[in-house]
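Asker: here is a sequence with its predicted model. Questions after.
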Amino acid sequence: MEEENYKGYKVKDKRRIGKEEGGKDRNDAGESRDWKEADGDIRKWGHHDDSSSIDFTTFIMSLSTSSLIHLGEIDDPQTKKAEQNLPAARQTIDLIALLKEKTKGNLSPEEEGFLENILFDLRIRFVKIMK
């Protein structure tokens with residue numbers, strides 16, 4: 001097995017399939033990526049496009065959108081129809097609440113406020129649908 005040290009932490013490649021010589025591997029789509037050039041920054045691994053970079057707020061917004069789709073408030077992008085899946089909506093809302101709990105003290109005031117507002121809005125929508 002190959003090991004590389006990057007800026008204070010160890011990266012150990014345990015993949016056994018698709019390995020090529022020279023530190024490249026193939027993903028499921030057959031595309032080749034150079035993992036040795038990552039230099040400790042996971043954002044550089046694979047195919048990263050700065051225009052689509054993700055931060056905490058974008059991640060929460062993505063989960064929120066997923067909840068709204070499951071609540072039937074937004075059309076499902078695949079079926080192009082609004083359909084309710086309340087157990088999935090509740091699970092996603094609970095996941096956002098879990099993230100709020102686990103990130104307490106590590107968020108900026110803006111991120112905290114955003115997360116609180118998203119959770120409040122989703123919970124209100126869920127309760128209205130359940131009535």
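Answerer: Arrived safely, thanks for sending.
Asker: domain boundaries for the protein, per the record?
Answerer: Taking automatic domain parsing as the reference, the chain has its domains at 3-52, 56-130.
Asker: mean pLDDT lowest where, among those?
Answerer: Of all those, mean pLDDT reaches its minimum on domain 3-52 (a mean of 54).
Asker: name the residues that touch the biggest helix by length in the chain?
Answerer: When the chain is parsed with DSSP state H, its longest helix is helix 109-130. Under the contact criterion Cβ atoms under 8 Å, 6 or more residues apart in numbering, helix 109-130 has outside partners 56-57, 60-61, 64, 67-68, 71-73, 84, 86, 89-90, 93, 96-97, 99-100, 103, 107. C-beta here means a position set from N, CA and C on the backbone, and glycine is covered the same way.
Asker: do that again at 10 Å, thanks
Answerer: 55-57, 60-61, 63-64, 67-68, 70-73, 84, 86, 89-90, 92-93, 96-97, 99-100, 103-108 (Cβ atoms under 10 Å, 6 or more residues apart in numbering).
Asker: show me which residues of that helix are buried.
Answerer: Buried positions in helix 109-130, judged by neighbour count with 16 or more other Cβ atoms under 10 Å: Glu111, Phe114, Leu115, Ile118, Leu119, Leu122, Arg125, Phe126.
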